[in-house]
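> Here you go, sequence then predicted model.
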Amino acid sequence: MSENKKLVEAITPINEDFTQWYTDICLKAELADYSSVKGFVILRPYGYAIWENIMRLMDARFKATGHENVSMPLLIPESLLQKEKDHVEGFAPEVAWVTMGGSELLEDRLCVRPTSETLFCDHFAHVLHSYRDLPMKYNQWCSVVRWEKTTRPFLRSREFLWQEGHTIHETAEEAIAETESQLEEYADFCEKDLCIPVLKGKKTEKEKFAGAEATYSIEAMMHDGKALQSGTSHYFGDGFSRAFGVQFTGRDNTLQYPFQTSWGVSTRLIGAIIMTHGDDEGLILPPAVAPVQVVIVPVAAHKPGVLEKAEELRTRLASFARVKVDASDNSPGWKFAQWEMKGVPLRLEIGPKDIEKEQCVLVRRDTREKSFVKWDELEKAVPALLDALAKNLYDRAAENRAKRTWTATTMEEVQRLAAGENGYIKTMWCGETACEEMMKEKAGLSSRNMPFEQETLSDVCPCCGRPAKTMVVWGKAY
RNA sequence: CGGGGUAUAGCGCAGAUGGUAGCGCGCUGCGUUCGGGACGCAGAGGCCUUGAGUUCAAAUCUCAAUACUCCGACCA
């Protein structure tokens, strides 16, 4: 293959310029495209298919734990948004407004939802009467708009697709349990289905959601050592309930305020997949969400029987895998490269030589390891290889994270580490926002979260020297 | 929103000192190929981002705008 040919579909080497590599993947693997609306991106069929798989798998998890889907309005009257002070202050800088209806100026302008807590609360106030109605566990799949200043496909765009769960409960304990169990659900999904190890923990006061009492997150580490907040779960206490007058008659016949949660993941997960698993050849998709799990490439497709056999194998695999035959006119080599770039986990080659031997060639995307498999053994071999690939993706990501995680006990150490490779830096912390801000100023780090799995690294905060309360993981974030 | 960079065919680029556009890949058709990015022949495809200047003449010079992109601050 000549240099010239390679240039055509070449992507920037991952270790040369990671951000450029990322953009190349988004465009060249045909996941996304820019639109003529500034900051808004288009999800192309291949990218949207990944999202569809994510939705399907997560939706099943939500349903299995008693959640119901609803659809809330796109627009929020300003008066409604104003009801919870912290919330409106947090979101005001990035909301888009609708001020006209047709040619009429609106008396109460409407905000395009940046998130739907206010609408859910308004609705809960209407439909909640008795403790017998609780819990209400709702979810919606929708898009939201936040007027971001800088945008990047999947990581930050002015409109993004997501899922937002909103629940209300009779007791604080129950709401807290919901907050935690949804975070666990996200973590499990990321680790099992997306093969991305995540760090579960509580956000600091500075980083928590506007209006929440507590915010929990799962943090994933990308190939370049930067962190990506990949899911959040919030506990609201009864703050929103009080602000919106959501009440119910309790078991003791008194009026009470329910306790509330909300939680969400977005198409940002696709960004996480790209940046966690990809390599110089392109994308590598976790089998659970890959739109195509096995691509069949016929070799010498013009020879009698080859295409027929390819089609026969497709039918055979279709009962247990998402499979596609590439019968285009391109050369086999071109197809290999193309489907590798698109991250298809497994390639099946079938040519005249294989047909003689009643076998085919299976090639893993992650290791490029080839195996010759008899047709009769495909039902076993394909799932086994997909599983092995998934495990390897997870292990590689976990290894990268382990390699890039350090601990520090003094500010000098933090600064020295922060000046080197990107990664997680664990330190103790006194709990003061001032010290968190100092981390940002002196080392360029933000707190990712306070992991559930705490360690005692020292007795004092490296910033101020006062007694330490918790261990925090710091890093640079997307 | 601050600081850089870029804008010419679908993509990647060339187009010194001004004279109305070219290359590679891709695309279309036909034929030969096919186990790691095949080849031949014949085609199609451009308001040179937009708007103002300067000039006989602007892709080229000047100034603005816009978009994308990278680096910071802010956020899923």
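Now that the structure is in, tell me what you want to look at.
> wait, doesn't residue A:425 sit right on residue A:474?
Yes - at 4.7 Å, residue A:425 and residue A:474 qualify as touching, with contact defined as Cβ atoms under 8 Å. All C-beta atoms are positioned from the backbone trio N, CA, C, and that covers glycine.
> which residues are in contact with both of those two?
By Cβ atoms under 8 Å, 6 or more residues apart in numbering, residue A:425 and residue A:474 have these common neighbours: A:414, A:443, A:445.
> Need these in JSON lines (columns: pLDDT).
JSON lines is the format used below for those (pLDDT from 0 to 100):
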{"residue": "A:414", "pLDDT": "94"}
{"residue": "A:443", "pLDDT": "91"}
{"residue": "A:445", "pLDDT": "93"}
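> Quick one: those as CSV, columns for secondary structure, neighbour count and distance to RNA strand B too.
Shown next, in CSV, are these (DSSP: H, G, I helix; E, B strand; the rest coil; neighbours: other Cβ atoms under 10 Å; distance: Cβ to the nearest atom of the strand, whole Å):
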residue, secondary structure, neighbour count, distance to RNA strand B
A:414, helix, 24, 15
A:443, helix, 23, 10
A:445, coil, 25, 9
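> Now flag whichever of the residues you listed is closest to residue A:129.
Nearest to residue A:129 among the shared contacts of residue A:425 and residue A:474, counting by Cβ to Cβ, is residue A:445 at 48.2 Å.
> Give me the nearest residue to that closest one, chain neighbours excluded.
residue A:474 (4.0 Å; Cβ to Cβ, 6 or more residues apart in numbering).
> Please enumerate the helices of the stretch 51-200 of chain A.
Assigned by DSSP state H, counting those that start in this stretch, the stretch 51-200 of chain A shows helices spanning A:78-81, A:85-91, A:117-127, A:172-188.
> Just the CA atoms of the last one, as PDB, please.
I take that to be helix A:172-188. What follows is helix A:172-188, C-alpha atoms only, in PDB (Å, rounded to 0.1, in the frame of the first residue of the first chain):
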ATOM      1  CA  ALA A 172     -35.300  10.300  52.200                       C
ATOM      2  CA  GLU A 173     -33.900   6.900  52.700                       C
ATOM      3  CA  GLU A 174     -35.800   5.500  49.700                       C
ATOM      4  CA  ALA A 175     -34.700   8.400  47.500                       C
ATOM      5  CA  ILE A 176     -31.100   8.000  48.500                       C
ATOM      6  CA  ALA A 177     -31.300   4.300  47.700                       C
ATOM      7  CA  GLU A 178     -32.700   5.200  44.300                       C
ATOM      8  CA  THR A 179     -29.900   7.700  43.600                       C
ATOM      9  CA  GLU A 180     -27.400   5.100  44.500                       C
ATOM     10  CA  SER A 181     -29.000   2.200  42.700                       C
ATOM     11  CA  GLN A 182     -29.200   4.200  39.500                       C
ATOM     12  CA  LEU A 183     -25.600   5.100  39.700                       C
ATOM     13  CA  GLU A 184     -24.800   1.400  40.200                       C
ATOM     14  CA  GLU A 185     -26.900   0.600  37.100                       C
ATOM     15  CA  TYR A 186     -24.900   3.100  35.100                       C
ATOM     16  CA  ALA A 187     -21.700   1.800  36.300                       C
ATOM     17  CA  ASP A 188     -22.700  -1.800  35.600                       C
END
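> quick check: mean pLDDT across that helix?
Average pLDDT, helix A:172-188: 97.
> Distance from the chain centre to that helix, please.
Centroid separation for helix A:172-188 versus its chain: 17 Å, with Cα atoms, centre = their mean, to the nearest Å.
> Summarise which helices and strands it is packed against.
Secondary-structure packing of helix A:172-188 (3 or more Cβ pairs under 8 Å, 6 or more residues apart in numbering; DSSP states H and E): strand A:159-169, strand A:198-202, strand A:214-221, strand A:227-237, strand A:259-266.
> The fourth one close to RNA strand B?
Yes - with Cβ under 7 Å from any atom of the strand as the measure, strand A:227-237 is seen reaching RNA strand B through A:229, A:230, A:232.
> ok, the second one - contacts?
Pointing back at residue A:230 there. A:186, A:190, A:196, A:198, A:217, A:218, A:219, A:220, A:265, A:268, A:269, A:272.
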